[in-house]
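Undergrad: Please work out how this folds:
(one chain, ligands or ions: 3)
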Amino acid sequence: MHYNYEDDSLALHTDLYQINMAKTYWEDGVHNRNAVFELFFRRLPFGNGYAVFAGLERVVQYLENFRFSDSDLKFLKELGYEEEFLNYLKGLSFTGSVRSMEEGELVFGGEPMIRVEAPLAEAQLVETALLNIVNFQTLIATKACRIKQAVGDQIVMEFGSRRAHEMDAALWGTRAAFIGGLEATSNVRAAKLFGIPAAGTHAHALVQAYRDEYTAFLKYAQSHRDCVFLVDTYDTLKSGVPNAIRVAQELGDKINFIGIRLDSGDMAYLSKKARKMLDDAGFTKTRIIASNDLDEDTIMNLKSQGARIDTWGIGTKLITAYDQPALGAVYKLVSIEDGEGVMQDTIKISGNPEKVTTPGLKRVYRIINTNNHKSEGDYIALEDEHPNEEERIKMFHPVHTYISKFVTDFEARDLHQDIFSNGKLIYELPDIREIQAKVKNNLEELWDEYRRKLNPEDYPVDLSEKCWDNKMRNIHEIKEKVEKIRRG
Ligand SMILES: Nc1ncnc2c1ncn2[C@@H]1O[C@H](COP(=O)(O)OP(=O)(O)OP(=O)(O)O)[C@@H](O)[C@H]1O
Ligand SMILES: O=P(O)(O)OC[C@H]1O[C@H](OP(=O)(O)OP(=O)(O)O)[C@H](O)[C@@H]1O
Ligand SMILES: O=C(O)c1cccnc1
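TA: Ligands and ions are numbered 1, 2, ... in the order given. Below you'll find the predicted structure:
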């Protein structure tokens, strides 16, 4: 491998501007001021009604190991950074506090998924990596969840590694896909590292290698107990299915004839015909597996045509998030310590009201109706508010404020957990199966209108009155400042 330097740390997995800002903070002596950043997206992906948060495990791994290695510092020196600044970087590790949603939490636009409170330079330097991790994994977990919702109780396998955007994406994308609801993966490394069930059939190459379909199936059956035969290399109904049946009949109990895989053609028609052929031969328990550019739309369509497909293999369209390749999450400064040691809220103004940030330290609560255990919406409140102690809360739309309602009989569930406290990891990372189960349970709390795949209703994500007033105060302060400058 020809690397210019040893690839021994992820600290430079950041944009150059983060290092340049850190240098400014350090030279000005403000690098250790306490700063709070929030990571959130504005719009849900795929036109879905919710997203599935994923990426925390890798964020934890990254922050725990955050250090500039000797080779990082050597390279930065080559880029022209001075010795004293490099000495400062040499001593850095992540000493901040992190609150985050747990993986598998359902998340909506405008809600902080992760909150980083750390010395300004540290919080700044980790932005790019955090966004890189969460943007991708949340996107894939959400896509997987959409696919799983379309499939229902049947099994879905992840087949995408060959089409993923390089190896990291295949590995962590597989993990995210499992969180979103898939049952197994063809990626053996992901299975090994994350404890995901490994599954697979065989490729067309096997049939081509033996140049004869019957021989290929027979050889496979002689070397494996569990057999799924790929039947479309030459002609699915005239050759593939008859050869699979012939081998299964010949080997009898010596193999476990699980079924066949269809990978081309009209899969509604072929699956119905193949089902009849298998049933007529007495193989009524065999399964029909389908793959070939499938996604939630083709799956629903095939189901509506009465396709006799039992198991689904999904590759390209899941692992590449084919119909929406980026989530667009951002990382924004919401509060910073001033020269007197007092925290001051910060805001980013925009002509587009949806893009104006919400200042201050906040918490996100899911407001669960205690009568029906369904969610009334999410409630973003300032850090010092305690919605659970209130009789009723007023929820109103953060942009269209005239849309409002009062909620009583509720339980406000804080969606964040403490992950790091002053650099120390205080959160126990859950097992991946627990995370997957969490998604299922969380979905139970949503009314169907937010869960449907096509044109779901907008889920309410509302600000508390205090949070809203604080935002308005910040906007007016900035407007006054801008007006003063304009007047000279
Ligand atoms: N009955 C069906 N209804 C809707 N979509 C289907 C149906 N059967 C298959 N499809 C989908 O249609 C697309 C067909 O792909 P494509 O046009 O590449 O043909 P193909 O069957 O893969 O042909 P080949 O691999 O032989 O070139 C795939 O995305 C597949 O999932
Ligand atoms: O269609 P996807 O959703 O991306 O699922 C993965 C695809 O990868 C394989 O095809 P490929 O042509 O790479 O190899 P093969 O010879 O095994 O069919 C497999 O047969 C699927 O069609
Ligand atoms: O096991 C399979 O059938 C498989 C694995 C990867 C890609 N396509 C199919």
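Undergrad: And the residue nearest the centre of the chain, how far from ligand 2?
TA: Residue closest to the average C-alpha location in the chain (Cα atoms, centre = their mean): Thr138, at 1.6 Å. Noted for Thr138: a distance of 21 Å to ligand 2, by Cβ to the nearest ligand atom, to the nearest Å. All C-beta spots, glycine's among them, are computed from the backbone N, C-alpha and C.
Undergrad: Would whichever strand or helix holds that residue count as contacting ligand 1?
TA: Counting by DSSP states H and E, the element that carries Thr138 is helix 127-151. No - in terms of Cβ under 6 Å from any ligand atom, no part of helix 127-151 sits within range of ligand 1; the closest distance is 12.8 Å.
Undergrad: ok now that helix, how far from the chain's centre?
TA: If you compare the mean C-alpha spot of helix 127-151 with that of the full chain, they lie 2 Å apart, counting by Cα atoms, centre = their mean, to the nearest Å.
Undergrad: in that helix, what's buried?
TA: For helix 127-151, burial by neighbour count (16 or more other Cβ atoms under 10 Å) applies to 127-151.
Undergrad: Identify the neighbouring strands of the helix or strand following that helix in the sheet and state each direction.
TA: Note on helix 127-151: by DSSP H and E, the next helix or strand toward the C-terminus is strand 155-158. Strand 155-158 sits in its sheet next to strand 184-185 (parallel), strand 311-314 (parallel), going by DSSP bridges.
Undergrad: With mean neighbour count as extra columns, can I get the ones you listed in JSON lines?
TA: Below are the strands paired with strand 155-158 laid out as JSON lines (neighbours: other Cβ atoms under 10 Å):
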{"stretch": "strand 184-185", "mean neighbour count": "24"}
{"stretch": "strand 311-314", "mean neighbour count": "24"}
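Undergrad: Of all these, which one is nearest ligand 1?
TA: Nearest of those to ligand 1, taken as Cβ to the nearest ligand atom: strand 311-314 at 10.1 Å.
Undergrad: In terms of helices and strands, where is Gly80?
TA: Applying DSSP H and E, one finds Gly80 in no helix or strand.
Undergrad: do the same with the one 5 residues further on
TA: In the assignment (DSSP H and E), Phe85 maps to helix 83-90.
Undergrad: mind exporting that helix as PDB, just the C-alpha atoms?
TA: Extracted in PDB, the C-alpha atoms of helix 83-90 (Å, rounded to 0.1, in the frame of the first residue of the first chain):
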ATOM      1  CA  GLU A  83       5.500  24.300  16.200                       C
ATOM      2  CA  GLU A  84       3.600  25.900  19.100                       C
ATOM      3  CA  PHE A  85       0.200  25.300  17.600                       C
ATOM      4  CA  LEU A  86       1.300  21.700  16.800                       C
ATOM      5  CA  ASN A  87       2.400  21.300  20.400                       C
ATOM      6  CA  TYR A  88      -1.100  22.300  21.500                       C
ATOM      7  CA  LEU A  89      -2.700  19.800  19.100                       C
ATOM      8  CA  LYS A  90      -0.300  17.100  20.300                       C
END
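Undergrad: Which strands border the helix or strand just after it, and is each parallel or antiparallel?
TA: Sequence order places strand 97-101 as the next helix or strand after helix 83-90, per DSSP H and E. Strand 97-101 has its sheet partners listed here by DSSP bridges as strand 114-119 (antiparallel), strand 416-421 (antiparallel).
Undergrad: Can I get strand 97-101 in PDB, CA atoms only?
TA: Listed in PDB are the C-alpha atoms of strand 97-101, where the atom choice follows Å, rounded to 0.1, in the frame of the first residue of the first chain:
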ATOM      1  CA  SER A  97     -19.600  16.100  27.300                       C
ATOM      2  CA  VAL A  98     -22.000  14.600  24.900                       C
ATOM      3  CA  ARG A  99     -25.700  14.000  25.000                       C
ATOM      4  CA  SER A 100     -27.200  12.000  22.200                       C
ATOM      5  CA  MET A 101     -30.200  10.100  21.100                       C
END
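Undergrad: Now do the contacts for the closest residue to ligand 2 within the stretch 151-300 of the chain.
TA: Nearest residue of the stretch 151-300 of the chain to ligand 2 (Cβ to the nearest ligand atom) works out as Ala203 at 3.1 Å. Shown in contact with Ala203 (Cβ atoms under 8 Å, 6 or more residues apart in numbering): Leu230.
Undergrad: do you know how far it is from Leu294?
TA: 17 Å (Cβ to Cβ, to the nearest Å).
Undergrad: before we move on, back to that, which of the strands paired with strand 97-101 is buried the deepest?
TA: Of these, the one with the most neighbours on average (mean count of other Cβ atoms under 10 Å) is strand 114-119, at a mean of 24.
Undergrad: Nearest spatial neighbour of Ala184, chain-adjacent residues omitted?
TA: Among residues not flanking Ala184 along the chain, Ala199 sits closest, at 3.8 Å (Cβ to Cβ, 6 or more residues apart in numbering).
Undergrad: Now do the contacts for that neighbour.
TA: Contacts of Ala199 (Cβ under 8 Å, 6+ apart): 157, 183-186.
Undergrad: okay, the closest residue in space to Asn65 that isn't next to it in sequence: pLDDT?
TA: Once flanking residues are discounted, Asn65 sits nearest to Leu10: 6.9 Å by Cβ to Cβ, 6+ apart. On the pLDDT scale, Leu10 is placed at 98.
Undergrad: quick one: secondary structure of Leu10?
TA: Here Leu10 is recorded as coil under DSSP: H, G, I helix; E, B strand; the rest coil.
Undergrad: Which single residue of this structure approaches ligand 2 most closely?
TA: Counting by Cβ to the nearest ligand atom, the chain gets nearest ligand 2 through Gly315, at 2.6 Å.
Undergrad: quick one: that residue and Arg308, what's the gap?
TA: 21 Å.
Undergrad: before we move on, back to that, please report how far the residue nearest to Ala184 lies from Val156.
TA: 10 Å.
Undergrad: Need the overlap of contacts for these two.
TA: Joint contacts of Ala199 and Val156 (Cβ under 8 Å, 6+ apart) are Glu183.
Undergrad: where does this protein come near ligand 1, residue by residue?
TA: 264-268, 292-294, 298, 301-302, 305.
Undergrad: Name the nearest of those residues relative to Arg452.
TA: Asn301 (15.9 Å; Cβ to Cβ).
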